[in-house]
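Trainee: Here is the input, now give the coordinates:
(4 chains)
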Number of protein chains: 4
Amino acid sequence: MGVMRVAVQGATGYTALELLRILLRHPQAELTVATSRSETGLLSEVHPSLTGRSDVRMSQLSSEEIAEQADVCFCCLPHVASMESIPHLLTAGLKVVDLSADYRLRDPGVYEQWYGHVHTDPTRLGTTIYGLPELYREQIPSQQLVANPGCYTSTSILALAPLLKAGMIEPKGIIIDAKSGVSGAGRTPKLGTLYSECNESLSAYGVGNHRHTPEIEQVLSDVSNSKVEVLFTPHLIPMDRGILATIYATPTHPVTTADVTSVLREHYAREPFVRVVEHLPRTKDVAHTNYCDITARVVRGRILIFAVLDNLIKGAAGVAVQNFNLMCGFDESTGLVV
Amino acid sequence: MGVMRVAVQGATGYTALELLRILLRHPQAELTVATSRSETGLLSEVHPSLTGRSDVRMSQLSSEEIAEQADVCFCCLPHVASMESIPHLLTAGLKVVDLSADYRLRDPGVYEQWYGHVHTDPTRLGTTIYGLPELYREQIPSQQLVANPGCYTSTSILALAPLLKAGMIEPKGIIIDAKSGVSGAGRTPKLGTLYSECNESLSAYGVGNHRHTPEIEQVLSDVSNSKVEVLFTPHLIPMDRGILATIYATPTHPVTTADVTSVLREHYAREPFVRVVEHLPRTKDVAHTNYCDITARVVRGRILIFAVLDNLIKGAAGVAVQNFNLMCGFDESTGLVV
Amino acid sequence: MGVMRVAVQGATGYTALELLRILLRHPQAELTVATSRSETGLLSEVHPSLTGRSDVRMSQLSSEEIAEQADVCFCCLPHVASMESIPHLLTAGLKVVDLSADYRLRDPGVYEQWYGHVHTDPTRLGTTIYGLPELYREQIPSQQLVANPGCYTSTSILALAPLLKAGMIEPKGIIIDAKSGVSGAGRTPKLGTLYSECNESLSAYGVGNHRHTPEIEQVLSDVSNSKVEVLFTPHLIPMDRGILATIYATPTHPVTTADVTSVLREHYAREPFVRVVEHLPRTKDVAHTNYCDITARVVRGRILIFAVLDNLIKGAAGVAVQNFNLMCGFDESTGLVV
Amino acid sequence: MGVMRVAVQGATGYTALELLRILLRHPQAELTVATSRSETGLLSEVHPSLTGRSDVRMSQLSSEEIAEQADVCFCCLPHVASMESIPHLLTAGLKVVDLSADYRLRDPGVYEQWYGHVHTDPTRLGTTIYGLPELYREQIPSQQLVANPGCYTSTSILALAPLLKAGMIEPKGIIIDAKSGVSGAGRTPKLGTLYSECNESLSAYGVGNHRHTPEIEQVLSDVSNSKVEVLFTPHLIPMDRGILATIYATPTHPVTTADVTSVLREHYAREPFVRVVEHLPRTKDVAHTNYCDITARVVRGRILIFAVLDNLIKGAAGVAVQNFNLMCGFDESTGLVV
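Mentor: Numbering: from 1, shown residues only, chains lettered A, B, ... in the order given. The predicted model follows:
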């Protein structure tokens, strides 16, 4: 396999920056296109950390123009904008990894309920593969379009899927108390993400209505062949990077910490980016990497699972490159172990 | 009532500093003694923020000497050291607010199990009032010794007590996912509380064995006349100040957010320092104050309660001054509203 | 002296919040008015930390209406908006403390050069007293309008004025390397003050063109009766509160650290809010207080001065209340020592 | 060129961790040894972020034993310990990159004055090459021992050397106002580097006596063939990573910003890791990279230079690998561009 020419559509955000960084060091990717609706000029004018790293300039290319210069397109547009663009990218012949939420849910009604928009590409919505390689590695290589997972979603699914598959925990009543750094909220200026609002502060948000809820439930229900229900409560933490999901589940039968750990270890024995650890994992230990660290404890008859990852990498740009590698026939880890 | 002369025993820690700050502005307190096992010199040599605020020097006074110069002693020693000192302070005639954990639990066996030391003052252990004014306001004024609550404990109890009292939630299976700033870990240098370990990081700790667990259960069991069991999971957050407890409880019968809020509002209608709010509270909004802000939500059949306070103030030094005010016959809020 | 009714015009920003906090605890101030161009509702709807503290609602009152309900108005509007409002407030009979930059400079030409607007009240501009009580305590009580100083400005002036007055340093070539927390940049959402931009980052900004430059030079030139020139370089620091000015000056004759310290100590011997210290001061030690801590060192023939204060309090709201106290005949420290 | 077997002596600190990370991804390095005086067990037991990355265990090998298993040794011991070990490493035939300060200064008297110890290897002290490739690239390849530069030192020298060489600035009276994240202070628990001391705080330290002063002066004097004198003032910033040096120099003749920038650009035109930029550089833009970003401004007749780098990478582990690459005949950038 040679080198693929890659485009990044919507290249100004924080996830896009991480993606650009990975692609610029990827030995089998050549960045040829970066689009932006608002910016022109070198990538480094928006992302000074890329100074000297690339000659690519931000552009407003059409799908057809992108397809002339690239083989694969990473779509980093916001939801809605994404589903307006992607059909054109696909028609133009590009392989596409969509980092938005637009193709993650299967049911257009559920999409409309949670995102407040009628889905304009419902046929593809129902058939797009969910791009979590740890679950769908077999299907991904043959896809033209893959829906890259949400950051909270990946954390939660990686922690829970093995235990649900093993029938070790009840599919209902799962509590996910999730904590995320601020970069997950994006680069658009808002009062709530100002430094002086977030720093030295801590609170929950989106209680009962965060959009990653149906995504978690859909994938975990698929995995377990039963209707999974989670209570998902995100919190904003004064740090740049990282998610910690603290998960409380009810075992289906009496188990020990060793039992649970054993299921996790076996499940992830050959995974390059999931590490089952004994200590309580820290977000710092996975920051700026593509790893997800997981541990479990049984306390007072409940199973607690602690999973951490970097929301911008394993939670977004890193897994996108895993998908890219799989779709292009490259080794899945290429460009991701540093 | 006039002015009380007050001593702070163990005046070098972060809680002691907050206490000194409050006492120095308290119109009916005169700071006369501050002891330290390691320091001498002006308070400001250890706590530069107190420069120019006090002429008191750190000393190694005996209980009798403290009693000659003070009417009330705040004991900020570590556990064990505290129970070695307090009997002498009491014998010398001082009123004492103990900020350690030594007199909080009622059962010497439970103390030994969780703290790894035989309790040397078991009689008092069984009879000391737990100094949470919102629960024990009536008993506190007549006490010579009050056991000041732990920071996680106060947060959890203030959130849960009204609902348990009202029989609205099941006493078992309560999940407390608590998050604290780093100052709660104290001023003694340790690897785990270095800036470079905590900053840009997040993890759980003390899972299944944090010492505030039996304290929470004891008080809530008393309040509800039933055996309360909690699953308490603390997390370390990269910020100085503040605790957020995210609590998941099972209602005893179907309820709405309005129902739960109504119980909380009614319970705390006359409390000077507990504010039942509608928004999801932020630690920032109570930092450097003696307030505890609480809200509730019903999501998918569960009751969620969110409570925040400043761990060093409402979680330690501020409630200690509430106790002091009550024990001395002062208005409970004196010195605490700024 | 009794109680003054006070208004805060432009009550939504961070400085206004600190001011509201101080006024709500001030024994001789009664907050009666808070205006906002965009908000209505209780103060606590914008500032949740004020929940339960005040019944005042945000309003859009005219100057005349403010004057009916208040005796003194703190103007927290942005520059330009401030000079449009203040003449009306004064005509309506209010005493005014202006926290904007609009009345700080004496020369309309200099104002226009640095702020890019023609000054619309040039007469008052030339005669308004600069509200730094440490310099102009005698003049402030008789004023109807006082121009509250900038935060960097106060830090720099308090550090330098005694040495310039004493003729100990050269008035030219003074280097002020200043560092500020992010709250100084205000509450309006901007890319540059997002958490994810400022956290774990550090840079200079406004090099050679920060608007506090002419303000520092004007006041120090007045103080020293010679043309003072400073090279002022601000930096943005990942923290909420605090300014540190590191100042490099050339002595007019050989001096020691003790000589410089002695001049500072003598100058500030009776000041309630300036503390000359021996240690290198930390912003943390003055955060949330009205103190400015200063120290000096002589190194390799240069005088270094280090001054810290809380940019929102001693750098804005706190000094505004000092001015208010002086203008109303109250003790200057009232409400400010906590 | 094949693969070199490498040892890290003193593998528990923060710099060592960064070095291990780079070496583990370096295509021409094989990590075979990691020593520690206190730890045994896998690297990941001390550094959880390395879980799954290496089978190497911490050991207490002698120099001879290290030499049996490795070709090159990175010495990350503290000063004094380093000069006790290095002669043995060299005798055993290892190439050595010393990350301590022990071989940086040329004069044993100066070493003793600043470090308080008699140097025990004075002959080598006088002849060891200072491992800043941007200055000594020609000499490094032939060395058996290279003295890796200090973090503040590299920042300062990279900013100043081109201008001194060009005779554009006066060699005396240079002011370096430097700001560093906390990781530079190391992993040994101390009060001053506790989270609760550093967070939300800012202060200068080591004023007039920081040990990087003579190092900066020695190298810059060599470069410029004149006695350079700097006033070096470090500050501790509440962030993990990064140094910003704000430098004030006096031009030898009138110059513009364009003139200064032109000298810098020309000097660094072919450097892989020094980027002369137009914007004011942020530490965030070089964090976790081996880049040093530099810009210049002329303001009021002075030259200001702003230089940023990651103190643990370009300031320590990254430049160490540049030296390693040069000493082994590898491309200087190998393993360093991610």
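Trainee: Up against chain C, what does the stretch 201-338 of chain A have?
Mentor: Contact residues (C-beta under 8 Å from any C-beta of the partner chain) of the stretch 201-338 of chain A with chain C: A:Pro238, A:Met239, A:Asp240. Placement of C-beta: from N, CA and C, glycine included.
Trainee: Kindly recompute the last result at 7 Å.
Mentor: Residues of the stretch 201-338 of chain A lying near chain C by C-beta under 7 Å from any C-beta of the partner chain: A:Asp240.
Trainee: who in the stretch 201-338 of chain A is up against chain B?
Mentor: Residues of the stretch 201-338 of chain A lying near chain B by C-beta under 7 Å from any C-beta: A:201-205, A:207-208, A:229, A:231, A:233, A:237-242, A:244, A:246, A:248, A:280-284, A:287, A:297, A:299-300, A:302, A:304, A:306.
Trainee: for A:Leu43, what are its contacts?
Mentor: Each residue near A:Leu43 by C-beta atoms under 7 Å, 6 or more residues apart in numbering or on different chains is listed here: A:Ala11, A:Leu20, A:Ala34, A:Leu50, A:Ser54, A:Val56, A:Met58.
Trainee: and the nearest residue to A:Glu200 once chain neighbours are set aside, what helix or strand is that in?
Mentor: Once flanking residues are discounted, A:Glu200 sits nearest to B:Met239: 4.8 Å by C-beta to C-beta, 6 or more residues apart in numbering or on different chains. Under DSSP states H and E, no helix or strand contains B:Met239.
Trainee: ok, B:Met239 to chain C distance?
Mentor: Distance from B:Met239 to chain C, counting by C-beta to the nearest C-beta, to the nearest Å: 10 Å.
Trainee: so how many other residues sit close to that residue?
Mentor: B:Met239 has 28 neighbours, counted by other C-beta atoms under 10 Å in any protein chain shown.
Trainee: got a list of what it touches?
Mentor: By C-beta under 7 Å, 6+ apart, B:Met239 lies in contact with A:Glu200, A:Leu202, A:Pro238, B:Gly181.
Trainee: Please repeat the previous calculation with a cut-off of 8 Å.
Mentor: Residues near B:Met239 by C-beta atoms under 8 Å, 6 or more residues apart in numbering or on different chains: A:Asn199, A:Glu200, A:Ser201, A:Leu202, A:Pro238, B:Gly181, B:Val182, B:Thr283, D:Asn199.
Trainee: Give the burial count for the closest residue in space to A:Thr35 that isn't next to it in sequence, as a bare number.
Mentor: Of all residues not flanking A:Thr35 in the chain, A:Gln9 sits nearest, at 4.8 Å (C-beta to C-beta, 6+ apart). Counted with other C-beta under 10 Å, the neighbours of A:Gln9 add up to 28.
Trainee: Going by residue numbers, what spans are strands in the stretch 101-250 of chain A?
Mentor: Listed in chain order, the strands of the stretch 101-250 of chain A (DSSP state E, counting those that start in this stretch) span A:129-130, A:145-147, A:174-180, A:203-204, A:230-236, A:243-249.
Trainee: export those to CSV and tack on mean pLDDT and mean neighbour count?
Mentor: Shown next, in CSV, are the strands of the stretch 101-250 of chain A (pLDDT from 0 to 100; neighbours: other C-beta atoms under 10 Å in any protein chain shown):
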stretch, mean pLDDT, mean neighbour count
strand A:129-130, 98, 20
strand A:145-147, 98, 27
strand A:174-180, 98, 26
strand A:203-204, 98, 26
strand A:230-236, 98, 24
strand A:243-249, 98, 26
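Trainee: rewinding a little: out of the contacts of A:Leu43, the closest to chain D would be?
Mentor: A:Leu50 (8.7 Å; C-beta to the nearest C-beta).
Trainee: confidence score at that closest one?
Mentor: The confidence metric pLDDT takes the value 98 at A:Leu50.
Trainee: is it true that it touches A:Ala34?
Mentor: No - counting by C-beta atoms under 8 Å, A:Leu50 stays clear of A:Ala34, with 10.0 Å between them.
Trainee: Please identify every residue contacting each of the two.
Mentor: Joint contacts of A:Leu50 and A:Ala34 (C-beta under 8 Å, 6+ apart) are A:Leu20, A:Leu43.
Trainee: out of the two, which sits in the more crowded spot?
Mentor: A:Ala34 (29 against 18).
Trainee: And the closest residue in space to A:Leu158 that isn't next to it in sequence, its phi and psi?
Mentor: For A:Leu158, ignoring the flanking residues on the chain, the nearest one in space by C-beta to C-beta, 6+ apart is A:Cys292 at 5.2 Å. Main-chain dihedrals, A:Cys292, degrees, to the nearest 10: phi -120, psi 120.
Trainee: One more: A:His210?
Mentor: Dihedral angles (degrees, to the nearest 10) for A:His210: phi -80, psi 140.
Trainee: Enumerate every residue touching it.
Mentor: Counting by C-beta under 8 Å, 6+ apart, A:His210 touches A:Tyr152, A:Phe232, A:Thr233, A:Pro234.
Trainee: ok, what's across the strand from the second one?
Mentor: Beta-bridge pairing of A:Phe232 under DSSP bridges involves A:Ile176.
Trainee: about what we covered before: among the strands of the stretch 101-250 of chain A, which is nearest A:Ser333?
Mentor: Minimum separation from A:Ser333 across those (C-beta to C-beta) falls at strand A:145-147, 17.2 Å.
Trainee: packing partners for the closest one?
Mentor: strand A:95-98, strand A:129-130 (3 or more C-beta pairs under 8 Å, 6 or more residues apart in numbering or on different chains; DSSP states H and E).
Trainee: give me the residue from the stretch 151-300 of chain A nearest chain D.
Mentor: Counting by C-beta to the nearest C-beta, the stretch 151-300 of chain A gets nearest chain D through A:Asp285, at 4.1 Å.
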